[in-house]
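Enquirer: predicted model, plus sequence, below.
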Amino acid sequence: MEIKKGLSEKNIGQLIDYANNDEEVKRFTSDAGRFKNRESYDEWLKKGRAIYALVDEEDNLLGITWFGKEGEGGFTLAIRTYERARHKGFSYNFLKETMNDFMKGDEYQGAENKEWWLETSKDNSAATILYEKLGFRIDGEGKSFEKVIYRRRPGFVS
Ligand SMILES: CC(C)(COP(=O)(O)OP(=O)(O)OC[C@H]1O[C@@H](n2cnc3c(N)ncnc32)[C@H](O)[C@@H]1OP(=O)(O)O)[C@@H](O)C(=O)NCCC(=O)NCCS
């Protein structure tokens, strides 16, 4: 298993497949729209997110993280672990390592607002446990009643 920056063509195909068919991804994320097909993936790429992949020895996609600036509110992140790698304890190191790598880069280092935020479902226990371990705390309601905003102040060291 290894972490790499960017996705191969094989990984992109698998990302689209999971987005459309993985029940937990469909339940907790908007990936079925974001990565509906190659065209929507290419459109999303224009946001310029930094993307990292967790892959096996044969370059099969086991997970993905991405990071980027979101509005005036600092930076946001996303993580997915897929089927074979999910609920097996890989998410903390995967997110921590890729987030730390992103934070060393010019985009983050040069930003005035270094705060992190994200929105998640209240009942997504694996996600909320993970974010809290990484220093995120609830900071208000999300777009809908079952969602919450998590924020991490700059200076948190994991
Ligand atoms: C959210 C997600 C990335 C977490 O990764 P994961 O591989 O499930 O998590 P891990 O196995 O590393 O476990 C993380 C923590 O959650 C707990 N956990 C794992 N699966 C759980 C489950 N089904 N129910 C409750 N807690 C769970 C673990 O015990 C661990 O806590 P600990 O560190 O105190 O032991 C993954 O579940 C996922 O991709 N889900 C679908 C997409 C998604 O929801 N993404 C996030 C959207 S905001």
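Expert: Structure's in. What do you need? Note that the structure is predicted; figures quoted are calculated from it, not measured.
Enquirer: just checking: what are the partner strands of the longest strand along the chain?
Expert: Counting residues, the longest strand in the chain under DSSP state E turns out to be strand 61-69. Strands adjacent to strand 61-69 in the sheet, as given by DSSP bridges, are strand 50-55 (antiparallel), strand 75-81 (antiparallel).
Enquirer: please write out the alpha-carbon positions of the last one in CSV.
Expert: Output in CSV follows, covering the C-alpha atoms of strand 75-81 (Å, rounded to 0.1, in the frame of the first residue of the first chain):
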residue,chain,number,x,y,z
PHE,A,75,-9.2,25.6,3.3
THR,A,76,-11.3,22.5,3.0
LEU,A,77,-10.6,18.8,2.6
ALA,A,78,-12.2,15.6,1.6
ILE,A,79,-11.4,11.9,2.3
ARG,A,80,-12.8,8.6,1.1
THR,A,81,-11.6,5.1,1.8
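Enquirer: quick one: contacts of the longest strand of the chain?
Expert: 1, 7, 10-11, 14-15, 18, 47-56, 75-82, 84-85, 90-91, 94-95, 98-99, 102, 107-108, 111 (Cβ atoms under 8 Å, 6 or more residues apart in numbering). To be clear about C-beta, it is placed using only N, CA and C from the backbone, and glycine gets the same treatment.
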